[in-house]
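S.K.: Below are the sequence and a predicted model; questions follow.
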Amino acid sequence: MSSPELTLFSYMVLALVGRGGASPYELQRMARQGRIYDWAGESQYYVEPKRLARLGYLDATKEPGKTRERTVYRLTDKGLDAMREWAGSPLSFPRLQHEALVMLLGGDLVDDADLRASVASLRTDIADLTARLDVAEAAAKSLPHREKYLMMGHRLSRRLLDAHLEWLDEIERELES
């Protein structure tokens, strides 16, 4: 069962910190690199680790950086216990905040050609996400302790992108007539 003081983003930070530790910049870079997994504001990658350290889920240490000292966070026993407890909790289907679905909801209020063009623009974004998944899959090979788990997530992401491409084909056909 999840702790009331921990959010889904908290668990993402704990997971990204992982066994090796990470600085806020590294947390943000990891999430941005995958992009399909990135749904928090930039400042949250700096604020949330501090909060988790205050609550005892992470330890913070200062280490030398390229230009200045940096803070590196590492899981505490409490943080690892929270991840283990959370991993055994039941899940629900994720909420979908999907701009194209909302746009289609109002489809009868707008011009089909405009709607079709707008929805078709997703193809460029999907191509970018696909390229980023290629990079993420290659990077997973360099993390043998996480590769299996990362690849399971990447396969779902690819399926979601493929499903969106099929869905776009369907929408374009329907709106063409």
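M.R.: Received it, and whenever you're ready, just let me know what you need.
S.K.: P49: neighbouring residues, count only.
M.R.: Using other Cβ atoms under 10 Å, P49 has 25 other residues around it. To be clear about C-beta, it is placed using only N, CA and C from the backbone, and glycine gets the same treatment.
S.K.: How about the contacts made by V135?
M.R.: Q33 (Cβ atoms under 8 Å, 6 or more residues apart in numbering).
S.K.: Please, which helix or strand holds it?
M.R.: helix 122-140 (DSSP states H and E).
S.K.: Packing partners of the helix or strand just after that helix?
M.R.: As assigned by DSSP H and E, the chain's next helix or strand after helix 122-140 is helix 147-176. Here helix 147-176 touches helix 112-120, helix 122-140, going by 3 or more Cβ pairs under 8 Å, 6 or more residues apart in numbering; DSSP states H and E.
S.K.: in helix 147-176, what counts as buried?
M.R.: Within helix 147-176, the residues that count as buried by 16 or more other Cβ atoms under 10 Å are 150, 153-154, 157-158, 161, 164, 168, 171, 175.
S.K.: State the mean pLDDT of it.
M.R.: Helix 147-176 shows a mean pLDDT of 94.
S.K.: And for stretch 93-110?
M.R.: Stretch 93-110 comes out at a mean pLDDT of 90.
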